[in-house]
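The following block contains a protein sequence and its predicted model.
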Amino acid sequence: MEPDLPKYVYTDKHRLQQILNNLLSNAFKFTETGSISLVIQKIMKERFKNEMLVSKQAEYMLAFSVIDTGIGIPSDKQRAIFDAFKQADGTTSRKYGGTGLGLSISRETAYLLGGFIELSSAVGEGSNFTLYLPILQSSEKVVEVKSYIEEASAGLQSEEYSLDIVPEVEEESKHLKKYGKSSLKNKKVLIVDDDIRNVYALTIALEKHEMDIIVAENGREGIEVLQGNPDTDIILMDIMMPEMDGFEAIRRIRQLSKYKALPIIALTAKAMKKSREECLDAGATDFISKPVNIDQLFSLMHVWLYKKEG
Amino acid sequence: MNNDIQNPIQNEEIEKIEIDLLLEAIYRYYGYDFRNYASSFIQRRILHCVQKEKLTSISALQEKILRDPETMKKLFSHFSINVTEMFRDPEFFKSFRTNIIPYVRDYPNIRIWHVGCSTGEEVYSMAILLHEEGIYEKAKIYATDLNAKMLDQAKKGTFSLSNMQLYTKNYIEAGGTSDFSEYYKVVGEKVVFNPFLQKNMIYAEHNLVTDSSFNEFDIIICRNVLIYFNKSLQNEVHQLFYESLSLGGFLGLGKREGVRFTSHGNCYGEIDATEKLYRKFI
């Protein structure tokens, strides 16, 4: 941490944590020897050539650099790892050497916070992922951060994503006001889905309940992420995914004795009765049909996260 | 008088009086008639409950039971009378779906009597099943209990969140074809079922011991009620069911119940002997 950092920064704590967790866990994943460091600096806005990306209100940016001495990323792949999710159909069919996990989500999230992520890397030397965030000093600007998010979710709706998220989210927040804090708070949910639109919409909705969200884009990664997060409270598992589908992932998770009782909710296509039976055989706890109705999902999660006192 | 110098025979007599009074009190206030239960069973359960409640006598328990319905609930569970579950004994509902529905599917309307419906869990289960089979619109479920308090609860269609994991498992095992979560909404610690399920439910007080037949039904469901009655009372109730069922109508009983050794055993054919589903054929 450099000495001239501001004492306070107005931003979204959960989202910032999410991005840093993602960058750090990737760094640890690909660094076998050497070091991983996190450097936080204050940087003048003028330094940036790419003015378009920078929040207009902020004079300074805060830079969070995650620097590793790992395997590095060849320059022709440096774009691709961020674009893993950005294919035309909204799904990703390939994996980029395992680096794809959550990077595109982190980039989108950074954008929502008014910032962006930069990458410099050399094969065999290591990588430097830097998250730049505007330093917003007044509470007025906090509202603006929020409005980015709302804009983003409005965008979701207008592009006819399968999760009809915006009105549901509004209803949810009304619900929250009415009935107080929900018991979903701080529960850790693992979303395993290869469709960025679903992941994104679910993330926004679940964060309204202050849930702790981790993501994976196929079954195999889902198991990896779960192993790294044994305190996961519930899994939302898509069924049709590349590399390892939901059936197989559920079966493998159930083979691990400590996850025998973990609620796994299968996201299934409505008309496919057969796949529901297969889910059940694999060990799914419950189903919810896609497109997911968010209200229904919250009720369902309340049911499966309910724990008897004592 | 000091307990220490009371002799055991006196104690036993007092206890017997206390049990009789307690059962009378429960009957008069809550409407549950345990007065003709096997006495050693009842005695054991009551004493167990006295201990659990940290009380010193059955009389003290009686006072608590009259003033605090929660204590009554606890005694209920000591009597191992499971208050009820949604899709209780899922195989029953599965069998009902596969073996009874095909017969009644084309009826112009379907009249169902749920006897001893308690807080309504099985009534809502039946409504969901009929809805999924696409015939709820033409069905009417008459749900009765002798206890008005239970009926009030049933009418709300609101159940405790604590049982929902079990209910979901039951629903899936019973062959549910949808997401169980499509039917409910969680509000705090309560689960509110979709009001459309209540549309064709009719709740009424009815006492099996004293009230007579009030309609003719295509289906009568009476599960885990008769086991608490003695033989002669069971036969009276079977007479009532027989009178209330249309020819070709269906009777569904509880797991440990059956028509075989009753006064009307010869009037029914077996649809599913394990799940206690019968059809009246004479």
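In hand now; what should we look at?

just the strands in chain B please.
Along chain B, the segments classed as strands by DSSP state E run B:110-115, B:139-145, B:158-160, B:184-187, B:190-193, B:201-205, B:217-222, B:245-253, B:268-272, B:277-280.

how about TSV for those, with mean neighbour count and mean pLDDT added?
(Glycine included, C-beta is placed from N, CA and C.) Converted to TSV, the strands of chain B look like this (neighbours: other C-beta atoms under 10 Å in any protein chain shown; pLDDT from 0 to 100):
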stretch	mean neighbour count	mean pLDDT
strand B:110-115	24	97
strand B:139-145	23	95
strand B:158-160	16	94
strand B:184-187	20	94
strand B:190-193	18	95
strand B:201-205	17	95
strand B:217-222	23	97
strand B:245-253	20	97
strand B:268-272	17	96
strand B:277-280	21	97
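
among those strands, which is nearest chain A?
Between chain A and these, the shortest gap by C-beta to the nearest C-beta is with strand B:184-187, which sits at 3.9 Å.

Can you pull the residues of chain A lying near chain B?
Within chain A, the positions adjacent to chain B are A:179, A:273, A:280, A:285-289, A:295-300, A:302-304, A:306, A:308 by C-beta under 8 Å from any C-beta of the partner chain.

Try it again at 7 Å.
A:179, A:280, A:286-289, A:295-296, A:299-300, A:302-304, A:306, A:308 (C-beta under 7 Å from any C-beta of the partner chain).

In strands, which of those fall?
Within the residues of chain A next to chain B, residues falling in strands by DSSP E are A:286-289.

one step back: ok, the residues of chain A next to chain B vs residue A:34, which is closest?
Among the residues of chain A next to chain B, residue A:304 lies closest to residue A:34 (C-beta to C-beta), at 42.1 Å.

Can you name every helix or strand that the helix or strand of chain B with the lowest mean pLDDT contacts?
Ranking every helix and strand in chain B by mean pLDDT, DSSP states H and E puts helix B:69-78 at the bottom, with a mean of 80. Judged by 3 or more C-beta pairs under 7 Å, 6 or more residues apart in numbering or on different chains; DSSP states H and E, the packing partners of helix B:69-78 are helix B:39-52, helix B:58-67.

what's the closest of these to residue B:98?
Nearest of the helices and strands packed on helix B:69-78 (C-beta to C-beta): helix B:39-52, 36.2 Å.

Could you quantify the relative orientation of that closest one and helix B:69-78 as an angle?
Between the axes of helix B:39-52 and helix B:69-78, defined by axes from the mean of the first three to the mean of the last three C-alpha atoms, to 10 degrees, the angle is 130 degrees.

for the record, mean pLDDT for helix B:39-52?
Mean pLDDT, helix B:39-52: 84.

Which residues does it contact?
Defining contact as C-beta atoms under 7 Å, 6 or more residues apart in numbering or on different chains, one finds that helix B:39-52 is touched by B:19, B:22, B:34, B:57-58, B:61, B:74-75, B:78-79.

Need the buried ones from these selected in PyMOL.
In PyMOL, a selection of the buried entries from the contacts of helix B:39-52 looks like this (16 or more other C-beta atoms under 10 Å in any protein chain shown):
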select buried, chain B and resi 19+22+34+58+61+74+75+78+79
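
Same list, the contacts of helix B:39-52, but as JSON lines with distance to residue A:15 please.
Below are these laid out as JSON lines (distance: C-beta to C-beta, whole Å):
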{"residue": "B:19", "distance to residue A:15": "65"}
{"residue": "B:22", "distance to residue A:15": "61"}
{"residue": "B:34", "distance to residue A:15": "60"}
{"residue": "B:57", "distance to residue A:15": "62"}
{"residue": "B:58", "distance to residue A:15": "62"}
{"residue": "B:61", "distance to residue A:15": "57"}
{"residue": "B:74", "distance to residue A:15": "48"}
{"residue": "B:75", "distance to residue A:15": "53"}
{"residue": "B:78", "distance to residue A:15": "52"}
{"residue": "B:79", "distance to residue A:15": "54"}
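
any idea which of the contacts of helix B:39-52 is closest to residue A:110?
residue B:74 (55.6 Å).

The closest one: what's it in contact with?
Residue B:74 sits next to residue B:49 when contact means C-beta under 7 Å, 6+ apart.

For residue A:41, grab the count of nearby residues.
If you count neighbours by other C-beta atoms under 10 Å in any protein chain shown, residue A:41 ends up with 16.

is it true that it touches residue A:2?
Yes - counting by C-beta atoms under 7 Å, residue A:2 is a contact partner of residue A:41 at 4.9 Å.

got the residue ranges for the strands in the stretch 51-200 of chain A?
Assigned by DSSP state E, counting those that start in this stretch, the stretch 51-200 of chain A shows strands spanning A:60-68, A:116-122, A:126-134, A:188-192.

by contact count, what packs against the second one?
Using 3+ C-beta pairs under 7 Å, 6+ apart as the contact criterion, the neighbours of strand A:116-122 among helices and strands are helix A:103-112, strand A:126-134.

Adjacent strands (with direction) for the last one?
Here strand A:126-134 has these sheet partners by DSSP bridges: strand A:60-68 (antiparallel), strand A:116-122 (antiparallel).

tell me which residues form a beta bridge with residue A:214?
On the basis of DSSP bridges, residue A:214 is bridged to residue A:190.
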